[in-house]
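# Here's my sequence, what's the structure:
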Amino acid sequence: TVTDYATLAEITGWSPDIAPEAINCAAPDTGNMELLDMFATPQQRKQWLEPLLAGEIRSGFAMTEPDVASSDARNIRTSIERDGDDYVINGVKWWTTGAMDERCKILIVMGKTNPEADDHHQQSMILVPIDTPGVKVVRNLTVFGYVDQHGHAEVSFTDVRVPASNLLGKEGEGFALAQARLGPGRVHHCMRAIGMAERALQLMIKRSLTRSPFGKELARQGVIQEWIAKARIDIEQARLLVLKTAWIIDNQGAKAARKEIAAIKVVVPRMAEEIINNAIQAHGGAGVSQDTPLAAMYAGVRTLRIVDGPDEVHIRDIARLELKSYLP
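Have a look, this model is predicted:
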């Protein structure tokens, strides 16, 4: 269940670069495996899902584009045009996580199959082997200057031809598939962030017990005590909200949890960012160095406020859903 995995995701957040991959639960593979499990044909499952589950290959997810406001998925321009028994793909994607990994064999690509349809039925998703002619990994994108494990690639697609049988789901279902993938994925991201916040709090407490500026332990300073207390309160509140969200998804489906999914995507990264920032402050120069994981953790959770939609988009969605319950 999503709830079961959420608990595991928090544990992996204590070592976000190693633990998820060690148990074959690293992004974007988890989300891609869930998508294939829900929507793939038997042949697609055998060809791609089974080796992903076995950890034999890796995958990428190509949705975001550099030339449009990708926080609104309806803006995506990459074209997926039917040509006989094939589809031909043209466009540019970036922040394609995992595409720099030499083990990456398959990309799930989102693009337009029918520009004339209504806004939510123009997009589709298609499976593109990364070695298909016309697929070019252009460059790796850094995150706050860090080169992330397995990278975030800019990828161009130029007259890329794949069989029509590579379509994932049906034409026009891309938007629905994206929501099905990103909902549980946000739970995973948030629980990993809670694990990171727990580790940052632990590091801050240990530091405060071993440093005594001006003849007084940091742990006895009022400001540090406030940081520690607030961190514990905020972590517990955030965890309960995420677990509630996971429970709704498990029992009523992701659509019923839309408001809660949006809420955790706002609350948790902000919470973790504040705690990690305070932990950095408590460590002084060591906090921004390579001697602790705090700087890299900060870069990760700050980026999470943009990944899968910026805070502002989710806040707007929460307000709309809340207002809708009061309107006739």
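# can we go C-alpha only for contacts and neighbour counts from here?
Will do.
# Which residue ranges of this structure form strands?
58-62, 79-83, 86-97, 104-112, 123-129, 135-140, 152-163, 167-168 (DSSP state E).
# Columns mean neighbour count, distance to residue 4 and mean pLDDT on top of these, output as JSON lines?
Formatted as JSON lines, the strands of the chain follow (neighbours: other CA atoms under 10 Å; distance: least, CA to CA, whole Å; pLDDT from 0 to 100):
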{"stretch": "strand 58-62", "mean neighbour count": "26", "distance to residue 4": "23", "mean pLDDT": "97"}
{"stretch": "strand 79-83", "mean neighbour count": "19", "distance to residue 4": "37", "mean pLDDT": "98"}
{"stretch": "strand 86-97", "mean neighbour count": "22", "distance to residue 4": "25", "mean pLDDT": "97"}
{"stretch": "strand 104-112", "mean neighbour count": "24", "distance to residue 4": "26", "mean pLDDT": "98"}
{"stretch": "strand 123-129", "mean neighbour count": "25", "distance to residue 4": "28", "mean pLDDT": "98"}
{"stretch": "strand 135-140", "mean neighbour count": "17", "distance to residue 4": "34", "mean pLDDT": "97"}
{"stretch": "strand 152-163", "mean neighbour count": "20", "distance to residue 4": "28", "mean pLDDT": "98"}
{"stretch": "strand 167-168", "mean neighbour count": "24", "distance to residue 4": "27", "mean pLDDT": "98"}
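# Make TSV out of these and add distance to residue 38.
Formatted as TSV, these follow (distance: least, CA to CA, whole Å):
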stretch	distance to residue 38
strand 58-62	16
strand 79-83	22
strand 86-97	21
strand 104-112	14
strand 123-129	13
strand 135-140	26
strand 152-163	20
strand 167-168	10
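# right, so of those strands, which gets closest to residue 315?
strand 86-97 (22.9 Å; CA to CA).
# Would you mind getting the angle between the closest one and strand 152-163?
Strand 86-97 and strand 152-163 are oriented at 160 degrees to each other (axes from the mean of the first three to the mean of the last three CA atoms, to 10 degrees).
# name the helices or strands packed onto strand 86-97?
strand 58-62, strand 79-83, strand 152-163 (3 or more CA pairs under 8 Å, 6 or more residues apart in numbering; DSSP states H and E).
# I'd like to know which elements the first one is packed against.
What that stands for is strand 58-62. Against strand 58-62 (3+ CA pairs under 8 Å, 6+ apart) you get helix 29-39, strand 86-97, strand 104-112.
# now do 10 Å
helix 29-39, helix 50-53, strand 86-97, strand 104-112, strand 123-129, strand 152-163 (3 or more CA pairs under 10 Å, 6 or more residues apart in numbering; DSSP states H and E).
# which parts of the second one are buried?
Buried residues in helix 50-53, counting neighbours by 16 or more other CA atoms under 10 Å, are found at 50, 52.
# One more: stretch 250-266?
Residues 250, 254, 257-266 are the ones in stretch 250-266 that count as buried (16+ other CA under 10 Å).
# quick one: average confidence on that stretch?
Stretch 250-266 comes out with an average pLDDT of 95.
# got the end-to-end distance for it?
Start-to-end span of stretch 250-266 (CA to CA, to the nearest Å) is 21 Å.
# Give me the distance between that stretch and the centre of its chain.
15 Å (CA atoms, centre = their mean, to the nearest Å).
# With stretch 41-56 instead?
In terms of CA atoms, centre = their mean, the gap separating the centre of stretch 41-56 from the centre of its chain is 21 Å.
# and of the strands of the chain, who's closest to residue 27?
Nearest to residue 27 among the strands of the chain is strand 86-97; the distance by CA to CA comes to 7.6 Å.
# what's the angle between that closest one and strand 79-83?
Comparing the axes of strand 86-97 and strand 79-83 via the same axes, to 10 degrees yields an angle of 160 degrees.
# How about the contacts made by residue 19?
Going by CA atoms under 10 Å, 6 or more residues apart in numbering, residue 19 touches 9, 11-13, 25-26.
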